[in-house]
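Asks: Have a look; sequence and predicted model below, questions after that.
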Amino acid sequence: MVIDGVNVSFAGIDDYSEKEAQNYVDYVRERVTEPLKSIIVKLCDDGKVDVDYTVQGEKFERIRRITGYLVGTTDRWNDAKKAEEHERVKHNIFAE
């Protein structure tokens with residue numbers, strides 16, 4: 001079910017209400033600053049619940065520095081500038 005734009009699903013719980021789903025959405029929103037995408041509520045063996053959630057990714061625009069100028073897109077570049085960018089060494093960013 002979708003509550004306030006958040007997809008809420010229950011695993012191992014057969015009887016749940018829309019109000020209960022709304023309570024889980026409110027609970028997670030109090031603790032998370034990013035926009036929520038989905039919530040999964042799982043029933044554990046000890047009778048407690050585990051709440052997993054995913055957030056929506058932030059949209060960003062890549063900015064390149066070419067000969068001292070900051071540019072966002074390459075759609076207005078000439079062939080020489082596109083070739084220069086293509087030949088550059090690209091470095092990966094590794095998150096630990």
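Replies: That came in fine, so what should we check first? Numbers count the residues shown, from 1 in each chain.
Asks: Which of the helices or strands spans the residue of the chain most remote from its centre?
Replies: Most distant residue from the mean C-alpha position of the chain: Ala80, 36.0 Å away (CA atoms, centre = their mean). Using DSSP states H and E, Ala80 falls within helix 79-87.
Asks: Could you do Arg76 as well?
Replies: With DSSP H and E as the criterion, the answer for Arg76 is that it lies in no helix or strand.
Asks: Run through the strands of this structure in chain order.
Replies: When secondary structure is read from DSSP state E, the chain shows strands at 2-3, 6-11, 36-43, 49-55, 64-66, 69-71.
Asks: and the ones you listed as CSV, adding mean pLDDT and mean neighbour count?
Replies: Where C-beta positions appear, they are placed from N, C-alpha and C, glycine not excepted. As requested, the strands of the chain are arranged in CSV below (pLDDT from 0 to 100; neighbours: other CB atoms under 10 Å):
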stretch, mean pLDDT, mean neighbour count
strand 2-3, 90, 14
strand 6-11, 92, 17
strand 36-43, 92, 16
strand 49-55, 91, 14
strand 64-66, 67, 11
strand 69-71, 68, 10
